[in-house]
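Chemist: Any chance you can model this:
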Amino acid sequence: LSFDLIVRSRHRPVCLSADQIKAQASSHLMSLLPASTIRALGQKEYEKRKQAALEVEAHVRELRDAQQYEKINAIVKHLALELANSAQAHVRKGALHALSGTAIGLRQHAGQMLPQLLPPVLSALSDPDPRVRYTACEALYNIAKVARSSCVAHINEIFDGLFKLSADTDVQVQNGMQLLDRLMKDVVTESEAFDLAAFMPLLGERIYVSNPFSRQFLVGWISTLGSVPDLDLVAHLPVFLDGLFHMLADANREIRTQTFDALNQLLREIGEAEEVDYAPLFHVLVTHCSSRDKFTTLTSLSWLHPLISHAQALMLPFCAPVLNAVLSSLSHPEEELREAAARADTSLRALLHQSNAAQFEMGTVLHALAAHLSSAYVPTLLAALQWVHMLLLKNAASVLELAPQLWPPLFKCLGNPSEEVVRLALEALAKMVDGRDQHSAQHSA
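Modeler: Alright, predicted model coming up:
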C-alpha cells in the first residue's frame, strides 16, 4: 500500500482493504479539488493536463489568500500519495503538473511547503517513462523558480536528482535537465545560505563517475562553485581533485578541455588562498605524474612548479616523493613533459638549498636520489648528481652519515658514456671522501 488509513468506528478500529483505501482517498481529494479537474489531470492530452494544473494553481491561490494552508497541505499530500504513484503514466504526469501549479499558486509561501512538494517530484526524476522524467524536470524548474532561495536548504537532494538525469539517454530529458541545472546553479551562486561543507561530500562521492555526460555535469558544478568569491572551494580540494585529474584522460576532447580549464581556475585560487592543506594535493600530483595519459602527466607536472613556489617550506615534508616524480619525468620522450619536469626540479632544488636542513628528512631524499643515480637516462642522472652536489654543499655531515646508499650508484656512474655524468660523479665522490677524512681527523683529535 502507498499509505495506510485506519478509520475508527465508535466501538473498534476497522482496517480497510486497498480498494477501499483508494476509493476513500479519491473521495477526499475530490472534496479538495473539483472532480473535473482531477479527471483532466489524468488525460493523455498535454493541453488538458496543463489546463487542469492551471485550475489547481487558481484554487491554491484562493486558499492561500484565505490562509487555508491545511487544505493546501492536504491537496499536496493526496497528489503525492495517490496520483503521483498511479500505474498510469499520464496520471503521474498530471500529478507533477498539479504540484507545479500548487507551488506557483503559493508564490512567496512555496518555500515553506518544499518538504512536501519536492519528494514526489524528485522521485519522478527516476521514473521508467522518459516523458514522466521530462515532466518532473519541468515541474521542478517551476517550483524552483518560485521558491528560489528556499531550494538551497534542499540542494543535496536536488543535486542528486540532477546527477542521475545527467546520464539520461533521452534527448528531451537531457534538454530539460540542462535548463533546470542552470537555474539551480543561479540559485546557489546568489544565495548566502548555501552550505558548501555539507554539499561537497555529495560531489566527492560521485567524482569518479565514468559517464561522459555526468562528468561534464560535475565539472560544470565545480567551475560554478569556484567562480563564487565567498565560497572557499580550495579547502575542499582533497574531496575531488584526484577525480578531476582522472577526467583529464577522458576519450572526449571537450571533457578534457573543460576539466583542464576547471583545474587552471583552481590553481589560481590556490595561489590566492591564505591557507592550503598541501599534503593531499601533492599526493594527487605525484600519483598522476606517472599516468599513462600524456595530458594528465603534463598537467600534473605543470602544477608542481607553481605549487612549490606557493607552498615554500610547507611542502618540504613531501619533497622526497615529489623529487622522485620529477626525476622520473626528466627523461620523458615528450619535450613538453621534460620542460615541465625541469621547471619543477629547479624550483624544488632552490627551495631545499635555502631551507633549514631540519625542515626535511635527508634520508628519504637521498633514498630517492640513490634510485635515480642508477638510471639509464643521462638527463635524469645529471639532475640527480646535481642534487647530490647541492646537498653536500648544504650539509655534508648529514649526507655522509647516510652515504652507504650513495657509494654504489656513484661508482657505477663512472662507467657512463656521458663525460658530464662521469665528471659530476667523480667530483661528488671526491667531496665525500674529503669530508669523511676530515670527519675522521676531527674524531681522532
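Chemist: average pLDDT across the helix or strand containing Val219?
Modeler: Applying DSSP states H and E as the criterion places Val219 in helix 212-226. The average of the pLDDT scores along helix 212-226 is 97.
Chemist: now swap in stretch 230-242 and tell me
Modeler: 96.
Chemist: Might you quantify the distance of it from its chain's geometric centre?
Modeler: What separates the centre of stretch 230-242 from the centre of its chain is 8 Å, taken as C-alpha atoms, centre = their mean, to the nearest Å.
Chemist: in stretch 120-127, what counts as buried?
Modeler: The neighbour-count check on stretch 120-127 (16 or more other C-beta atoms under 10 Å) flags Pro120, Val121, Leu122, Ala124, Leu125, Asp127 as buried. For the C-beta atoms, the positions are set from N, CA and C on the backbone; glycine is no exception.
Chemist: any idea which element the third one lies in?
Modeler: Leu122 belongs to helix 114-124 when assigned by DSSP H and E.
Chemist: which other helices and strands contact that helix?
Modeler: helix 69-81, helix 89-106, helix 130-147, helix 155-166 (3 or more C-beta pairs under 8 Å, 6 or more residues apart in numbering; DSSP states H and E).
Chemist: what does that helix contact?
Modeler: By C-beta atoms under 8 Å, 6 or more residues apart in numbering, the surrounding residues in contact with helix 114-124 are 73, 76-77, 79-80, 84, 92, 95-96, 99-100, 102-103, 110, 132-133, 135-136, 139-140, 143, 147, 150-151, 153-154, 157-158, 160-161.
Chemist: could you check the angle helix 130-147 makes with it?
Modeler: Counting by axes from the mean of the first three to the mean of the last three C-alpha atoms, to 10 degrees, helix 114-124 lies at 160 degrees to helix 130-147.
Chemist: what comes into contact with the helix holding Val219?
Modeler: The contact list for helix 212-226 (C-beta under 8 Å, 6+ apart) reads 159, 162-163, 166-167, 174, 181, 185, 188-189, 196, 203, 206-207, 209, 231, 233, 240, 243-244, 247, 250-252, 254-255, 258-259, 261-262, 265-266, 269.
Chemist: after that helix comes which helix or strand?
Modeler: With DSSP H and E, the next secondary element past helix 212-226 is helix 237-247.
Chemist: are any of the contacts of helix 212-226 buried, and which?
Modeler: 159, 162-163, 166-167, 174, 181, 185, 188, 196, 203, 206-207, 209, 231, 233, 240, 243-244, 247, 250, 255, 258-259, 262, 266, 269.
Chemist: Using CSV, list the CA coordinates for stretch 131-142.
Modeler: Only the C-alpha atoms of stretch 131-142 are listed here, as CSV (Å, rounded to 0.1, in the frame of the first residue of the first chain):
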residue,chain,number,x,y,z
ARG,A,131,8.0,11.6,-20.6
VAL,A,132,7.3,11.5,-16.9
ARG,A,133,11.0,12.3,-16.2
TYR,A,134,10.8,15.3,-18.5
THR,A,135,7.6,16.5,-16.8
ALA,A,136,9.4,16.1,-13.5
CYS,A,137,12.2,18.4,-14.8
GLU,A,138,9.6,20.9,-15.9
ALA,A,139,7.8,20.7,-12.5
LEU,A,140,11.0,21.1,-10.5
TYR,A,141,12.0,24.0,-12.7
ASN,A,142,8.7,25.8,-12.0
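Chemist: so where do the helices sit in the stretch 201-350 of the chain?
Modeler: For the stretch 201-350 of the chain, applying DSSP state H, counting those that start in this stretch gives helices covering 212-226, 237-247, 253-272, 278-289, 294-311, 319-329, 335-354.
Chemist: right, so of those, which gets closest to Val60?
Modeler: Evaluated with C-beta to C-beta, the helices of the stretch 201-350 of the chain place helix 212-226 nearest to Val60, the distance being 32.6 Å.
Chemist: Okay, now the unreliable bits of the stretch 101-250 of the chain?
Modeler: Nowhere does the stretch 101-250 of the chain drop to pLDDT under 70.
Chemist: Quick one: closest of the helices and strands packed on helix 114-124 to Ala383.
Modeler: helix 155-166 (44.5 Å).
Chemist: Can you work out which other helices and strands pack against the helix or strand just after that closest one?
Modeler: Using DSSP H and E, the helix or strand that follows helix 155-166 towards the C-terminus is helix 171-189. Here helix 171-189 touches helix 130-147, helix 155-166, helix 212-226, going by 3+ C-beta pairs under 8 Å, 6+ apart.
Chemist: So what touches stretch 356-363?
Modeler: Contacts for stretch 356-363 (C-beta under 8 Å, 6+ apart): Ala313, Leu316, Pro317, Cys319, Ala320, Leu352, Leu391, Lys394, Asn395, Ser398, Val399, Leu402.
Chemist: Buried residues in that stretch, which are they?
Modeler: Those would be Phe360, Met362, for stretch 356-363 by 16+ other C-beta under 10 Å.
Chemist: Extract the CA atoms of that stretch and return them as CSV.
Modeler: Output of stretch 356-363 as CSV, limited to C-alpha atoms (Å, rounded to 0.1, in the frame of the first residue of the first chain):
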residue,chain,number,x,y,z
ASN,A,356,66.8,24.6,7.1
ALA,A,357,68.0,21.0,7.0
ALA,A,358,65.8,20.3,9.9
GLN,A,359,62.7,21.0,7.8
PHE,A,360,63.1,18.0,5.6
GLU,A,361,64.1,14.4,6.0
MET,A,362,67.6,13.9,4.4
GLY,A,363,67.3,10.1,4.5
